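Undergrad: A structural model of the following input is requested.
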Amino acid sequence: MPLLPLLVSVALLGAQVGPRLGNHPVVYDSTGALLPWTSWPDALEREVNWYLRCPIENGYPRFVTMTFMDGGYQPITTRPNHRSFIPAMQNGMGIISYLKYFTWTGGGDQRLLGIARAMGDYLVKESLTPGGKYPRFTRSTGWRDQIPQRPGSGSQADRPFEIEPDKGGIAGYALALLYDRTKDRRYLDQAVHNARVLAANMREGDALRSPWPFRADYRTGEARGAVSGNMSFILRLFDHLIAGGYPEFRAPRDKLWTWIRQYQIPNLSKDGLLWVQFFEDHAEPDNRTAWAPLNLARYLIERKDALDPDWKADARSLIEFVNRRFVTVRDGVAVCGEQDYDRNPWGGILSTYGAVLAMYSSATGSLEYKHAARQALDYSLYQTDADGCPSDGAYRAARGGWQEDAHTDRLHNFMDAIAAFPGWGKANPRRIAVIAHRGEHLHHPENTIAAFQAAHEAGADFFEADVRTTADGRLVLMHDAAVDRTTNGKGQVARMTFDEIRRLDAGGSRVPTFDEALAFARGRIGVYVDSKAVSAEDAVAAIERHGMRDHVVIYGGAAYLKQIAALRPDLRVMPEAGSPAALQSLLNLLPLKVVAFDARDFNPETTAVAIQAKAEIFVDRLGRADNPAFWQDAIDRGATGIQTDRPAELAAYLKSKGYR
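TA: Numbering: from 1, shown residues only. Model prediction:
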């Protein structure tokens, strides 16, 4: 989308355009919240396409072989250290980024997989140590003009023959994922080899040192830096290989996890000195970083109870450690700095912060960090110029720079955030259906024509109607099995005749029939049919009598909906999702176009199944969840319809946000 039409569209929603942020005029909404300069899919597509145009040199796209690249795909040469290169981190995270983007975009563009393979090829062919205590191990640093890297090619703060064990974990894990996608054995072999070298060099960790040092001379194993804060990717590598049939890594894996649980996580509330040392260009022994705790939090959130029964509390402790030490406010946004010795919000760390907060919010259902997550990622989006060329940090206007911060350690973070909140990855606001729960029943008797009329006038797209069958076979609207709560009578609907029910006072109205509700709805509003006690044949016959086949959704149990589908396959049947496995079974059983969710099953794992099946998601937002924060959360999680007790307020909110 060109910038001018975007700014016009956000201005219509009350947005304000201010001074520049990164490479664009900054845009805020009417509340002062930062807005992206364009949609996420548009910005990400521009950026990836810019890298797909990168020239090939020595068999690789240039950004695969150099860390400091400018906006013209040329090496940056203003400082001597600009020759330096970080192959393991840059290409390891790049593989993860391109695999996730390839999947998110549908897996059709093989060029994306080609980029991931180029990064993997570089790691297995050009950046291995020759021998010693860490033989054929992936290098943490090198030089852009050395292909392959020479024996003494350590750069940045690494000494010539040093490697960083944790970076071998990053590279190994990425290569294992690349093998899973491509089945190219070279990638798995290197991943397994890195893991074996790590296991062979593992030491006892304690309150003063980690199971591997931050740096080691690959020839002798001589350590430098007692603590390496980033242990999560070695843990990932071991776990992945164990799951793939390599039980030899169980013992070192358990030993590592015990150290993390016994020493590293508790250290968050102490001096934080078990979270030091990650970045290749630093060697300060007291240099705490935000990257290591955030990436452990990411792994805990991904694995949940399978990894850590206390994952929620531990992930929150990791996030709060980062909030206390590294988060500042710039341009009205809470941004995350990298480390004690560099507090700037570089692209890699800022997008990591946003992604992990989003993942936590989605996994826990808590809105505590959600706004901060979106704002951080929107801030990072300002790095990307209109032609797709990113800088390495949105806090300054630039093109190019550190390629890890500009691109390879950013892209996957947007993918993780979109997986957490699929609505963030939509190109344009989509229409969200308003479903009035039992009609507009806060000011009118529920399940009555008056409530349905009010719902229609409030702007609802559907009213929900609860259908039951009387003793003499008539279909009436009543939520409860008995008439006691909503009328002046007593008794079970199924044991009363239609005439008996019709004589009752339902709050100044009569109890309506299903036919009357359908007749009112035709040409005005859709009907969400909650089939409390009605035969499939009777429900279908009533819907067809009123020509409402295309304007209803029918909620019920799986067996009942199967009967409906057998009678009329084109009717939209809508079961409760239940769980990922249950929903997958329902998809195999029924022709589902829409799925119902409530507070119990509206979670990322289950909604992902519906999204994959391209089914609409109708979710209840009732009681304490019936407010703008939870409405927006539902939209961000992928909802296409929201059932509410406040249809007028929801319709107004959706209109203000461009969803209507």
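Undergrad: Show me the shaky parts of the protein.
TA: Applying pLDDT under 70 to the chain flags the ranges 1-18.
Undergrad: Please identify the buried residues of stretch 131-150?
TA: 132-134, 136-144, 147, 149 (16 or more other C-beta atoms under 10 Å). (C-beta placed from N, C-alpha, C; glycine too.)
Undergrad: Rebuild those as a markdown table, extending it with secondary structure.
TA: Shown next, in a markdown table, are the buried residues of stretch 131-150 (DSSP: H, G, I helix; E, B strand; the rest coil):
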| residue | secondary structure |
| --- | --- |
| G132 | coil |
| K133 | coil |
| Y134 | coil |
| R136 | coil |
| F137 | coil |
| T138 | strand |
| R139 | coil |
| S140 | coil |
| T141 | coil |
| G142 | strand |
| W143 | strand |
| R144 | coil |
| I147 | coil |
| Q149 | coil |
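Undergrad: from these, which two are the most distant?
TA: K133 and R144 (26.6 Å; C-beta to C-beta).
Undergrad: next helix or strand past the helix or strand encompassing I435?
TA: For I435, the enclosing helix or strand under DSSP states H and E is strand 433-436. Using DSSP H and E, the helix or strand that follows strand 433-436 in sequence is helix 449-458.
Undergrad: Quick one: distance of the helix or strand that that next one is followed by to the chain centre.
TA: Going down the chain from helix 449-458, the next helix or strand is strand 462-469, by DSSP H and E. Computed by C-alpha atoms, centre = their mean, to the nearest Å, the chain-centroid distance of strand 462-469 equals 35 Å.
Undergrad: Partner strands of strand 462-469, with direction?
TA: strand 433-436 (parallel), strand 475-477 (antiparallel), strand 526-533 (parallel) (DSSP bridges).
Undergrad: Of all these, which one is nearest W50?
TA: strand 433-436 (37.3 Å).
Undergrad: returning to that earlier point: mind putting the strands paired with strand 462-469 into a markdown table with mean neighbour count and distance to G459?
TA: Shown next, in a markdown table, are the strands paired with strand 462-469 (neighbours: other C-beta atoms under 10 Å; distance: least, C-beta to C-beta, whole Å):
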| stretch | mean neighbour count | distance to G459 |
| --- | --- | --- |
| strand 433-436 | 27 | 6 |
| strand 475-477 | 25 | 22 |
| strand 526-533 | 22 | 13 |
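Undergrad: right, so of those, which gets closest to P647?
TA: strand 433-436 (4.1 Å).
Undergrad: Just the CA atoms of that closest one, as PDB, please.
TA: The C-alpha trace of strand 433-436 is given here as PDB (Å, rounded to 0.1, in the frame of the first residue of the first chain):
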ATOM      1  CA  ALA A 433     -20.000  -9.700  13.000                       C
ATOM      2  CA  VAL A 434     -22.000  -8.500  16.100                       C
ATOM      3  CA  ILE A 435     -24.000 -11.300  17.600                       C
ATOM      4  CA  ALA A 436     -26.600 -10.100  20.100                       C
END
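Undergrad: circling back: looking at the strands paired with strand 462-469, spot the one closest to E248.
TA: Among the strands paired with strand 462-469, if distance is taken as C-beta to C-beta, the winner is strand 433-436, at 53.3 Å.
Undergrad: Distance from that closest one to the middle of the chain?
TA: 25 Å.
Undergrad: ok, and what's touching it?
TA: Applying C-beta atoms under 8 Å, 6 or more residues apart in numbering, the external contacts of strand 433-436 come out as 451-452, 455, 458-464, 526, 528, 618, 640-644, 647, 650-651, 654.
Undergrad: again with stretch 215-224
TA: 129, 131-135, 137, 158-159, 161-165, 201, 213-214, 225, 283.
Undergrad: A372: what's it in contact with?
TA: So A372 contacts 334, 354, 357 (C-beta under 8 Å, 6+ apart).
Undergrad: measure stretch 329-343 end to end?
TA: 11 Å (C-alpha to C-alpha, to the nearest Å).
Undergrad: which parts of that stretch are buried?
TA: In stretch 329-343, counting by 16+ other C-beta under 10 Å, buried: 331, 333-340, 343.
Undergrad: Any chance of the strands paired with strand 462-469 in TSV with distance to D109 as columns?
TA: Below are the strands paired with strand 462-469 laid out as TSV (distance: least, C-beta to C-beta, whole Å):
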stretch	distance to D109
strand 433-436	32
strand 475-477	51
strand 526-533	38
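Undergrad: between those strands, which gets nearest to A596?
TA: A596 sits nearest to strand 526-533 of all the strands paired with strand 462-469, at 8.9 Å, using C-beta to C-beta.
Undergrad: Only alpha carbons, please: show that closest one as PDB.
TA: Extracted in PDB, the C-alpha atoms of strand 526-533 (Å, rounded to 0.1, in the frame of the first residue of the first chain):
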ATOM      1  CA  GLY A 526     -29.100 -13.100  10.700                       C
ATOM      2  CA  VAL A 527     -30.100 -15.700  13.200                       C
ATOM      3  CA  TYR A 528     -27.700 -17.600  15.400                       C
ATOM      4  CA  VAL A 529     -29.800 -20.700  16.200                       C
ATOM      5  CA  ASP A 530     -28.900 -22.300  19.500                       C
ATOM      6  CA  SER A 531     -30.600 -25.700  19.300                       C
ATOM      7  CA  LYS A 532     -31.600 -26.400  22.800                       C
ATOM      8  CA  ALA A 533     -34.200 -29.100  22.200                       C
END
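Undergrad: quick check: angle from it to helix 449-458?
TA: Angle of strand 526-533 versus helix 449-458, following axes from the mean of the first three to the mean of the last three C-alpha atoms, to 10 degrees, is 150 degrees.
Undergrad: and P591, how many neighbours?
TA: Other residues within reach of P591, judged by other C-beta atoms under 10 Å, total 12.
Undergrad: doesn't A565 make contact with it?
TA: Yes: the criterion here is C-beta atoms under 8 Å, and P591 meets it with A565 at 5.9 Å.
Undergrad: list residues touching both of those two?
TA: V573.
Undergrad: buried stuff in stretch 310-321?
TA: 311-312, 314-319, 321.
Undergrad: I should have written stretch 172-187 there, sorry.
TA: By neighbour count on 16+ other C-beta under 10 Å, the buried set for stretch 172-187 is 172-179, 181-182, 186-187.
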